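Peer 1: Fold the following.
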Amino acid sequence: MHPLFTNSVKFSAKKHLLPLLFMLMLFSPHKQAFSQVLYEGGSNIQLLYGRHLNQSDDLVTITFEHFGMTGAFEHFGFADLSNDVTLAGPSLYSEWYPKLSLSRATKSEVALGPISDVLLGGGVNVLFGGDEDFFVYLLGPAFKFRLPGQGLLQLETFYYKQNGSEYEGTYQFTPSWDIPLPASEKVHLRFRGFMDFIGDRGPGTTQYLTQPQLLLDLGNLRGKPGKVFAGTEWRYWHNVVGLEGINESVLQVNVLFQL
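Peer 2: Numbering: from 1, shown residues only. Model prediction:
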């Protein structure tokens, strides 16, 4: 989902199988501790294919994604294994966001108006390989919003700091959503995605990246809903990695397997 890598990333897939396996174990699914949870994202594997990314080769991405909850603690993370169709230079990029729910921690509702819960959390963004190390840490509050029925709508507000003395601390605002859209008894759609707004870090300028997805529940057509989805993902990145005037827009085919 947030693939903050450039086309210069080159390393062997075999060398980085261990980090990938580590991320898969880290985000392995576990039972939900609370039954009254409106959003149960669970785990999924996504296969994405997009053409002419940054006017380069076609891009293939395998994404493992997990949302989990235990008591007052919840976390979301993903790992992207991306490559162009030549298989010459795969890259592994991962993000992890642990959060503490104030409502569940205090056993009393911490809410106001449309805000259903306030969470304190942080995150790490890591790129394995590349011309230079890429590591970002984030810290700040997140806000969940009330939705009728199932679904997720939240806003994360973070302090953002990238490794390297030349980079200053800045902000990141990230609205994200995962909302079911039942069009009919057979046709169930799922609208999900995020948008990152990242401030000026010193070098470069402000940037934003969005990846909305519209997916059709294929399993529901055969009476087995919530298992296999197919659709599209639009990836738009304004000022890629903070480089002013460098934009990226690609429409990708997406197949999602809910685990």
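Peer 1: Pick out the least confidently modelled helix or strand of the chain, by mean pLDDT.
Peer 2: Here the helix or strand of the chain ranked lowest by mean pLDDT, DSSP states H and E is helix 17-26, holding a mean of 42.
Peer 1: Now for S176: which residues touch it?
Peer 2: Counting by C-beta atoms under 8 Å, 6 or more residues apart in numbering, S176 touches L152, L153, Q154, L155, E156, G193, F194, M195. In short, each C-beta sits where N, CA and C put it, glycine included.
Peer 1: Just the strands from this protein, written as ranges.
Peer 2: Assigned by DSSP state E, the strands in the chain fall at 42-50, 59-70, 73-84, 91-101, 115-128, 134-145, 152-162, 170-182, 188-198, 207-210, 213-217, 228-238, 248-258.
Peer 1: Export these to a markdown table and append columns for mean pLDDT and distance to E109.
Peer 2: Converted to a markdown table, the strands of the chain look like this (pLDDT from 0 to 100; distance: least, C-beta to C-beta, whole Å):
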| stretch | mean pLDDT | distance to E109 |
| --- | --- | --- |
| strand 42-50 | 94 | 25 |
| strand 59-70 | 92 | 17 |
| strand 73-84 | 90 | 17 |
| strand 91-101 | 95 | 11 |
| strand 115-128 | 96 | 8 |
| strand 134-145 | 97 | 12 |
| strand 152-162 | 97 | 16 |
| strand 170-182 | 96 | 22 |
| strand 188-198 | 97 | 26 |
| strand 207-210 | 97 | 31 |
| strand 213-217 | 98 | 31 |
| strand 228-238 | 96 | 33 |
| strand 248-258 | 94 | 30 |
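Peer 1: Redo those strands as JSON lines? Include distance to K107.
Peer 2: As requested, the strands of the chain are arranged in JSON lines below (distance: least, C-beta to C-beta, whole Å):
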{"stretch": "strand 42-50", "distance to K107": "25"}
{"stretch": "strand 59-70", "distance to K107": "15"}
{"stretch": "strand 73-84", "distance to K107": "14"}
{"stretch": "strand 91-101", "distance to K107": "11"}
{"stretch": "strand 115-128", "distance to K107": "13"}
{"stretch": "strand 134-145", "distance to K107": "17"}
{"stretch": "strand 152-162", "distance to K107": "21"}
{"stretch": "strand 170-182", "distance to K107": "26"}
{"stretch": "strand 188-198", "distance to K107": "30"}
{"stretch": "strand 207-210", "distance to K107": "36"}
{"stretch": "strand 213-217", "distance to K107": "35"}
{"stretch": "strand 228-238", "distance to K107": "36"}
{"stretch": "strand 248-258", "distance to K107": "31"}
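Peer 1: R222: neighbouring residues, count only.
Peer 2: For R222, the number of neighbouring residues by other C-beta atoms under 10 Å comes to 10.
Peer 1: can you check the one 10 residues further on too?
Peer 2: The local packing count at T232 equals 15, with neighbours defined by other C-beta under 10 Å.
Peer 1: And it, how far from G42?
Peer 2: Distance of T232 to G42, given as C-beta to C-beta, to the nearest Å: 22 Å.
Peer 1: List the contacts of stretch 201-215.
Peer 2: By C-beta under 8 Å, 6+ apart, stretch 201-215 touches 1-2, 4, 160, 162, 166-170, 189-200, 229-244, 254, 256.
Peer 1: mind checking the end-to-end distance for it?
Peer 2: Stretch 201-215 has an end-to-end distance of 34 Å (criterion: C-alpha to C-alpha, to the nearest Å).
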